[in-house]
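Following is a predicted model, sequence given first.
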Amino acid sequence: MSEADRVPSPAAPPPPPAVAVVVAAAAAAAPEERKGKEPEREKLPPIVSAGAGATAGLDRGSKGQISTFSNFISTVSQKKEAAENRSSPTHLVFPNIKNVRDLPPICLDVRQKQRISTDTLSSEMKAPALPDPVLPLQPKTMKDFQEDVEKVKSSGDWKTVYDFYLTTFDSFPELNAAFKKDATTSFNTIEDSGINAKFVNAVYDALLNTPQDIQKTVLKGIINSLLREWKGPRTKDDLRAYFILLQNPQFNNTSTYVIYAHLLRQIATLVEADHHFLVHWFKKLSQKRFKQLVERLLQFISLRLFPAKPEEFPPITKCSWWIPSASKVLALLNTANGLVHPPLIPYTDFYNSTLDHIDLMEEYHTWQSFGNSHRFSFCQYPFVISIAAKKIIIQRDSEQQMISIARQSLVDKVSRRQRPDMNMLFLNMKVRRTHLVSDSLDELTRKRADLKKKLKVTFVGEAGLDMGGLTKEWFLLLIRQIFHPDYGMFTYHKDSQCHWFSSFKCDNCSEFRLVGILMGLAVYNSITLDIRFPPCCYKKLLSPPIVPSDQNTPVGICSVTTDDLCQIMPELAHGLSELLSYEGNVEEDFYSTFQVFQEEFGIIKSYNLKPGGDKIPVTKQNRKAASSRRG
């Protein structure tokens, strides 16, 4: 950017340095038709205090900053006159966006609900419904816009295209007028945003190929829109405007990050009901556009953590709300991705490898101390943390717990005036190779209080100290024996190459509990087990996702579909899908009943799916019940 772009217009006295950049941006973007409007419309939304305790790691800002911004209001009118005197788009003066650092402080917590949504109020508290605002006339259709862009290639005159961008991005109502399918329809449904997505994509794709003055005009219009003061709850048209602006490809450039951060902040502070709409609109995006949004947010977080040029951004103490705001919006996208089957992008695309290089344990301890409130931690958003980073957190936390539990045992022993023993610092397992499973089950049952100590294994009748090798051997031998098909606890499916539970020992809960303890001990002691369960098994383990405080609360209850069955028995799942979609006579063509056959130790056994199932034929009317029972 040239030095001339940074010089204030001589038509007005130079503003204070702290607001010079924002003054130039707002003044240059103000169109003629807004002359004479109240300057108070240019303020940011009012800030709601959450009390002294709720800081969320966000910066309040200084009093000096707030008073400095108030000086900005007094100079807007003078700057507007200078902007109106510029008759040609080529004379637009756009500030250096990367230096826009003096907007007023942002809200104290991205999770704080600043505004009350009318959806959450009781009928007695609701004010009379106001009529929907009248939107400006739709300036152009998608066909008109594409024709204007084509004409530029032959004429070289960008004025028509420039006027379109100037008008469209000037305000939220103009955005809705341009991109809404029908300006007279409210489109309050969750599934349909009412936005012409193809038109939005065409406008943004063309934007990157336009001259710099047009691109600057768009950013100035966004600044004006974000600076406007809002009274009352957001409307669905406001949500559409946020939805459209978030897809702007200009935000890939670090020079626009200050504007991008304020856009993310306003989206993050919307009420939960508004986030619900955005989530369902996000899932309707194409895979390409959705992935671009995720990559843009991840890049924003990474560059804020490790900036290539620190001078490009405000000091971290003044913009500590950037990363929490971006993480909140990223969480909305992750939720939307989980609502689509199959997901728009793999869950690994949400991983931010930059986080592998921060102090993960500090993040973890912050999360442990403050939970999901007060202070920000990346552990509040685990979907962005890679498997490698999670492994480091779990391993170090386990080591610290082992030390803490061992120290507590030693203190208890000394307080009772008993002689300390080094063996009390470990979970000592003494087992016989010939009775490996039974001895292990007995030892783990007797020593439940020591499960969080470091594991130490001794094979009876064998000399040697466990320096880690005996522990790994014990796990290997035990898992190999338990998961062997002849043992009867699990079966191995060659088609899916995974293990599943056998019905032969389904009543022996103690041995299955042993498997669960083994898996927990392996994770706790950083041992990798060669166990291949299908994803639906972990889906049940994570239901509910939070461990209930009441031990009597049922766990592992979740809905499963033929897609889950396909992960274990693909042939059976395919057969059931054919049964469900068959259009002919199901009863005569399939000749099937509510009875299944299963091979166990070379013997084929039959099981009725319901009383008298072997005499109940599967028909077109009851086939859904039959397929669900078989699954």
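That came through fine.

In contact with D356, which residues?
When the contact criterion is Cβ atoms under 8 Å, 6 or more residues apart in numbering, the partners of D356 are 386, 388-389, 392. Backbone N, C-alpha and C define where each C-beta goes, glycine included.

you'd agree it is in a helix?
Yes. With DSSP: H, G, I helix; E, B strand; the rest coil as the criterion, D356 is located in a helix.

any idea how far V161 is from it?
With the distance defined as Cβ to Cβ, to the nearest Å, D356 ends up 44 Å from V161.

can you check F199 too?
Remark: distance between F199 and V161 (Cβ to Cβ) = 14 Å.

now L436
L436 sits 77 Å away from V161 when distances are taken as Cβ to Cβ.

Just the element for the closest residue to K453 other than its chain neighbours, please.
Residue nearest to K453 in three dimensions, not counting chain neighbours: L427, with 4.4 Å by Cβ to Cβ, 6 or more residues apart in numbering. Assessed by DSSP states H and E, L427 sits inside strand 426-431.

That strand packs against which elements?
Helices and strands in packing contact with strand 426-431 are listed as helix 436-446, strand 454-459; criterion 3 or more Cβ pairs under 8 Å, 6 or more residues apart in numbering; DSSP states H and E.

do that again at 10 Å, thanks
For strand 426-431, the elements it packs on are helix 387-415, helix 436-446, strand 454-459, helix 469-482, helix 509-524, judged by 3 or more Cβ pairs under 10 Å, 6 or more residues apart in numbering; DSSP states H and E.

list the buried ones in the second one?
In terms of neighbour count (16 or more other Cβ atoms under 10 Å), helix 436-446 has its buried residues at 436-437, 439-441, 443-444.

Please apply the same query to the first one.
Using 16+ other Cβ under 10 Å as the burial criterion, the residues of helix 387-415 that qualify are 389, 392-393, 397-398, 402, 405-406, 409.

Based on its surroundings, how many neighbours for K283?
When counting by other Cβ atoms under 10 Å, one arrives at 18 neighbours for K283.

Just give the closest residue to it, not the sequence neighbours.
Excluding its sequence neighbours, the residue lying closest to K283 (Cβ to Cβ, 6+ apart) is A336, at 4.1 Å.

V149 too?
On the basis of Cβ to Cβ, 6+ apart, the spatially nearest residue to V149 that is not a chain neighbour turns out to be A206, at 5.4 Å.

State the helix or strand in which the one you found lies.
helix 197-207.

Now do the buried residues in that helix.
When neighbours are counted by 16+ other Cβ under 10 Å, the buried residues of helix 197-207 are found to be 197, 199-204, 206-207.

helices and strands around that helix, which ones?
Counting contacts by 3+ Cβ pairs under 10 Å, 6+ apart, helix 197-207 is packed against helix 142-155, helix 159-168, helix 172-179, helix 212-227, helix 236-245, helix 287-305.

List just the nearest of the buried residues of helix 387-415 to D349.
Each of the buried residues of helix 387-415 was checked against D349 using Cβ to Cβ; the closest is A389, at 15.6 Å.

so where's the stretch 251-400 of the chain uncertain?
For the stretch 251-400 of the chain, not a single residue meets the criterion pLDDT under 70.

And the helices in it?
With DSSP state H, counting those that start in this stretch applied, the stretch 251-400 of the chain shows helices at 257-268, 272-282, 287-305, 322-338, 360-370, 387-415, listed in chain order.

ok, P211 touching Y162?
Yes. With contact defined as Cβ atoms under 10 Å, P211 and Y162 form a contacting pair (8.2 Å).

quick one: which of those two has more around it?
The neighbour count for P211 versus Y162, taken as other Cβ under 10 Å, is higher for Y162 (21 against 14).

so what's the residue nearest to D439 when sequence neighbours are not counted up against?
The shortest distance from D439 to any non-neighbouring residue, by Cβ to Cβ, 6+ apart, is to V431 (4.0 Å). When contacts are counted by Cβ atoms under 10 Å, 6 or more residues apart in numbering, V431 touches 437-443, 457-460, 474, 477-478.

Can you tell me the centre-most residue of the chain?
When the chain is reduced to its mean C-alpha position, the nearest residue by Cα atoms, centre = their mean turns out to be A331, at 2.4 Å.

Now do the contacts for it.
Neighbouring residues of A331 by Cβ under 10 Å, 6+ apart: 268, 275, 279, 350, 380-381, 383-384.

switch to 6 Å and redo it
Shown in contact with A331 (Cβ atoms under 6 Å, 6 or more residues apart in numbering): Y381.

how near is it to Q380?
Taken as Cβ to Cβ, the spacing of A331 relative to Q380 amounts to 9 Å.

Same check on Q598?
Counting by Cβ to Cβ, the gap between Q598 and Q380 amounts to 45 Å.

more neighbours, the two?
Each of Q598 and Q380 has its neighbours counted (other Cβ under 10 Å); Q380 has more, 20 against 13.

My guess is that one contacts N372. True?
Yes. Using Cβ atoms under 6 Å, Q380 is in contact with N372, at 5.3 Å.

can I get the helices and strands packed on helix 197-207 in a markdown table with distance to P343?
Below are those laid out as a markdown table (distance: least, Cβ to Cβ, whole Å):
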| stretch | distance to P343 |
| --- | --- |
| helix 142-155 | 29 |
| helix 159-168 | 32 |
| helix 172-179 | 26 |
| helix 212-227 | 30 |
| helix 236-245 | 20 |
| helix 287-305 | 9 |
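
got the CA positions of stretch 146-154 in CSV?
Extracted in CSV, the C-alpha atoms of stretch 146-154 (Å, rounded to 0.1, in the frame of the first residue of the first chain):
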residue,chain,number,x,y,z
GLN,A,146,-22.4,-12.0,-14.6
GLU,A,147,-23.2,-10.0,-17.7
ASP,A,148,-21.6,-6.9,-16.1
VAL,A,149,-18.5,-8.8,-15.3
GLU,A,150,-18.2,-10.1,-18.9
LYS,A,151,-18.6,-6.6,-20.3
VAL,A,152,-15.6,-5.4,-18.2
LYS,A,153,-13.4,-7.8,-20.2
SER,A,154,-14.1,-5.9,-23.4
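
Around T354, how many other residues sit close by?
Burial of T354 is recorded as 17 neighbouring residues (other Cβ under 10 Å).

So which of the buried residues of helix 387-415 is the closest to L175?
Taking Cβ to Cβ as the measure, L175 lies nearest A389 of these, at 38.5 Å.

which residue sits closest to that closest one, ignoring its sequence neighbours?
According to Cβ to Cβ, 6+ apart, the nearest residue to A389 is D356 (5.0 Å).

And for A406?
A406 sits nearest to L425 (Cβ to Cβ, 6+ apart), 4.2 Å away.

now swap in L572 and tell me
L572 sits nearest to L565 (Cβ to Cβ, 6+ apart), 6.5 Å away.

ok so that neighbour is a helix residue?
Yes. With three-state DSSP as the criterion, L565 is part of a helix.

Relative to D274, how far out is it?
Counting by Cβ to Cβ, the gap from L565 to D274 is 38 Å.

Same check on G612?
Applying Cβ to Cβ, one obtains 53 Å for the distance of G612 from D274.

of these two, who's got more company?
When G612 is set against D274 and neighbours are counted by other Cβ under 10 Å, the residue ahead is D274, at 21 against 10.

so where is the stretch 451-600 of the chain shaky, pLDDT-wise?
464-467, 504-508, 600.

repeat that for 80
In the predicted model, the stretch 451-600 of the chain carries pLDDT under 80 at residues 463-468, 503-511, 545-551, 587-591, 595-600.

just the helices and strands packed on helix 197-207: most buried one?
Among the helices and strands packed on helix 197-207, the stretch with the highest mean neighbour count (mean count of other Cβ atoms under 10 Å) is helix 172-179, at a mean of 23.

Work out the gap between that one and the centre of the chain.
For helix 172-179, the separation from the chain centroid amounts to 28 Å (computed by Cα atoms, centre = their mean, to the nearest Å).

Point out the other helices and strands that that helix packs with.
helix 159-168, helix 236-245 (3 or more Cβ pairs under 6 Å, 6 or more residues apart in numbering; DSSP states H and E).

Now do that helix and helix 142-155, the angle between them.
Using axes from the mean of the first three to the mean of the last three Cα atoms, to 10 degrees, the direction of helix 172-179 lies 90 degrees away from that of helix 142-155.
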